[in-house]
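Chemist: Predicted model and sequence below, questions to follow.
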Protein chains: 2
Amino acid sequence: MPATIKDIREATGLSLATISKYLNGGNVLPKNREKIDEAVKRLHYRPNEIARGLVTNRTKTIGVMVYNIASIFNGTMLSTIGKELRRQGYAMLICDSAGDTEMEHSNVQFLLNKKVDGIIVIPTERNGDFLQPARDAGVPIVIVDRAVDGSEEDCVTINNKEAAEEAVNTLICAGHRKIAVICSEREYTGSRRLLGYLEAMKQNGLEIPEEYVKTGSQTVSYGYQSMRELLALPEPPTAVFMANYDINFGVVMAVNESDFSCPEDISLFGFDDLLLPRIMSPKLYVMKQPMEELGLKSVELLLERIGSKEPMPPRQIVLKATMMKGDSIRTIG
Amino acid sequence: MPATIKDIREATGLSLATISKYLNGGNVLPKNREKIDEAVKRLHYRPNEIARGLVTNRTKTIGVMVYNIASIFNGTMLSTIGKELRRQGYAMLICDSAGDTEMEHSNVQFLLNKKVDGIIVIPTERNGDFLQPARDAGVPIVIVDRAVDGSEEDCVTINNKEAAEEAVNTLICAGHRKIAVICSEREYTGSRRLLGYLEAMKQNGLEIPEEYVKTGSQTVSYGYQSMRELLALPEPPTAVFMANYDINFGVVMAVNESDFSCPEDISLFGFDDLLLPRIMSPKLYVMKQPMEELGLKSVELLLERIGSKEPMPPRQIVLKATMMKGDSIRTIG
DNA sequence: AGCTTATCACGAAACGTTTAGCTCTCGCAT
DNA sequence: ATGCGAGAGCTAAACGTTTCGTGATAAGCT
């Protein structure tokens, strides 16, 4: 039903080749250019991108895989990534793994069938095997925020370990000795941030009771449950470092429900400067990730790789997190 | 590089038609079936969906337009919609309008160029003109959550006006007389909820000072600013009805920063039962939308329409919101 | 004037599928 | 035996583009 390039041929008397060339930015005689422009406008012609994709073998579509689209962290990342992709003429096909690694496997195959030109992925866990089919197919990949073990892909992350160290050192400087951590070892970010915590504690010669280290998962519910456990200990910590945005939520929920209050009884240090840290009272101390940069950089790397015919070595970009001060830390004599 | 159906032909000696028929569920002789199965597995053959789309004129891809992908409300909706679409074999091409109606216009054209089989849209404002190109092209459309003025499309919403009435009546029953509202008139939901507020106030013979009615936009920042203004009035309200999830956030932020506290000095009633209402202390009273149902129903309507060759009359589905009690309302003598 | 070069247009093949319509074979009922 | 229909396979065209190689025209040089 919609007009095709053949209709333009009828209308102008020119050949398909000439019309196609002009529409793709080639040079034609001024009078032909006018004819084509007129016909395109009159017939509301728009190139069929499916047909184009078949012959050029490029769909101008990028697959984006996230571990959970309902998390505001991912939503914010997708917002930046989507806007930038669009600016460069690419569409964004989103696959939500919903925290399920099976689904993640299936998503890769799905995107390959859709013939995406490249894949941006914020993975569910540290195991990157699910990417194998894409590697085999030679589809460019960029991994964002959470690196995967032993990958050969481009990767954009932040200095997780150092950021965690800075956070924990801040707590220590405020006089805290009994500091707990809530994170996850299954994701890259959680494991790196845990290392930072351990390092800071060790450097300062502080003891780490086993029950102060919670390494389950980076979810709201795990944060909630862990915090309840911590507060119920015979000797609860005086400060807690939360290694991820969703954990922030769960922890704050648990504190609000308890008899403890922040910062009088318990000091908190979180991650990611999104809505929560600013909305709550007291304002939460956090390490802020440069999320926009993360998104922009990942798009840049991917399009670069798609554009270049030569194979390029994998690149590792590491951005820096910065501290945002709040009122959630009590200074201990 | 990947295997094509022609490679299967070489491997089996069968014709393209036979192979295609079998792959699409047709019947072939057992020995041929075996041959094809073997070749498909050995060559890792997967049909090229681009080529298929060209001839069938169906891409098995749905365009989903949201007014802001970074909002957790939309993220949650997208999660449900995406999962259900996927279950039915469809991909989800997401376009974020980022609150910009220009962008929204451009998004429709973009999706049409991508030849999506249908469009699900959570619109930015009440004006639905941006959908015209899709209507002209005969692409099925379903509008979710926020209806648009005078549309002929399928539409899934909730009983906004009645829900707002219930909320305001709850405040009135608790003894409140000075009740303010924060919403927006530009969106369908905001304007309907405003009507509900006005109706409840009128039914109970309550006065509505002009400065108690804030109808700017449904964003965090507007909620924040409006609440500051309300609290600064010579005669501030004793209760506030917040007509949307983002507004909740802004309002709570403003209250936390002020000398007022909830519910002692100010009672609050919000919308949408997502993270915030549960996390905050005191727990927030809200009207809860059946978000999963909203998403599922919209997918169902769309696929039904895509599947049917006959034209169908537009359908209007209205779901019901329910009240979730909290501790954010003070009972006045 | 004759030769070269640059510019533009064109015809035809190709991309990887689906599908309409035809042919062939086989078995069964008459 | 003959006729018939069902089932399965095949050929070829079609979907709407891009692109390769060639041809034509005009302009620029000696």
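Modeler: Looks like it arrived, so ask away.

Chemist: Local confidence estimate at A:Q289?
Modeler: With respect to pLDDT, A:Q289 has a value of 96.

Chemist: what's the answer for A:I317, then?
Modeler: For A:I317, the model assigns a pLDDT of 97.

Chemist: Isn't A:G75 up against B:T76?
Modeler: No - contact status for A:G75 versus B:T76: not in contact, 9.5 Å apart, counting by Cβ atoms under 8 Å. C-beta: built from backbone N, CA, C; applies to glycine.

Chemist: From DNA strand D, how far out is A:T59?
Modeler: 12 Å (Cβ to the nearest atom of the strand, to the nearest Å).

Chemist: Ignore what I typed, I meant A:S258.
Modeler: With Cβ to the nearest atom of the strand as the criterion, A:S258 and DNA strand D are 63 Å apart.

Chemist: Check which helix or strand the residue nearest to that residue when sequence neighbours are not counted maps to.
Modeler: In space, and not counting its chain neighbours, A:S258 is closest to A:L231: 5.3 Å by Cβ to Cβ, 6 or more residues apart in numbering or on different chains. Following DSSP states H and E, one finds A:L231 within helix A:220-232.

Chemist: From the contact counts, what lies against that helix?
Modeler: strand A:179-183, strand A:213-215, strand A:239-242, helix A:245-257 (3 or more Cβ pairs under 8 Å, 6 or more residues apart in numbering or on different chains; DSSP states H and E).

Chemist: which parts of that helix are buried?
Modeler: For helix A:220-232, a neighbour-count test (16 or more other Cβ atoms under 10 Å in any protein chain shown) marks A:220, A:222-228, A:230-231 as buried.

Chemist: do stretch A:316-330 as well
Modeler: Quick answer for stretch A:316-330 (16+ other Cβ under 10 Å): A:317, A:321, A:324, A:326, A:328-330.

Chemist: Go through the residues you listed and say which is closest to B:A134.
Modeler: A:I317 (38.9 Å; Cβ to Cβ).

Chemist: Tell me who's in contact with that closest one.
Modeler: A:154-157, A:297, A:301 (Cβ atoms under 8 Å, 6 or more residues apart in numbering or on different chains).

Chemist: Pick out the most distant pair among those.
Modeler: A:T157 and A:L301 (12.1 Å).

Chemist: the more surrounded of these two?
Modeler: A:L301 (25 against 19; other Cβ atoms under 10 Å in any protein chain shown).

Chemist: For that one, give its distance to B:Y222.
Modeler: To B:Y222, A:L301 is 36 Å away according to Cβ to Cβ, to the nearest Å.

Chemist: tell me the SS of A:V156?
Modeler: Three-state assignment for A:V156 (DSSP: H, G, I helix; E, B strand; the rest coil): strand.

Chemist: pretty sure it contacts A:L319?
Modeler: Yes - A:V156 is in contact with A:L319 according to Cβ under 8 Å; the separation is 7.1 Å.

Chemist: between the two, what contacts are shared?
Modeler: Common contacts of A:V156 and A:L319 (Cβ under 8 Å, 6+ apart): A:294, A:297.

Chemist: by contact count, what packs against the helix or strand bottoming out on mean pLDDT in chain A?
Modeler: Lowest mean confidence among the helices and strands of chain A (mean pLDDT, DSSP states H and E): helix A:275-279, at a mean of 76. Counting contacts by 3+ Cβ pairs under 8 Å, 6+ apart, helix A:275-279 packs against helix A:245-257, helix B:245-257.

Chemist: got these as CSV, with mean neighbour count and mean pLDDT columns?
Modeler: Output for the helices and strands packed on helix A:275-279, formatted as CSV (neighbours: other Cβ atoms under 10 Å in any protein chain shown; pLDDT from 0 to 100):
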stretch, mean neighbour count, mean pLDDT
helix A:245-257, 24, 89
helix B:245-257, 24, 89
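
Chemist: Put together CSV for those, with distance to B:I179 on each row.
Modeler: Output for the helices and strands packed on helix A:275-279, formatted as CSV (distance: least, Cβ to Cβ, whole Å):
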stretch, distance to B:I179
helix A:245-257, 26
helix B:245-257, 14
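
Chemist: among these, which is nearest DNA strand C?
Modeler: helix A:245-257 (40.9 Å; Cβ to the nearest atom of the strand).

Chemist: neighbouring contacts of the closest one?
Modeler: Under the criterion Cβ under 8 Å, 6+ apart, residues A:71-73, A:182-183, A:218-228, A:231, A:240, A:242, A:261-262, A:266, A:268, A:270-272, A:274, A:276-277, A:280, A:284, A:286, B:275, B:278-281 lie in contact with helix A:245-257.
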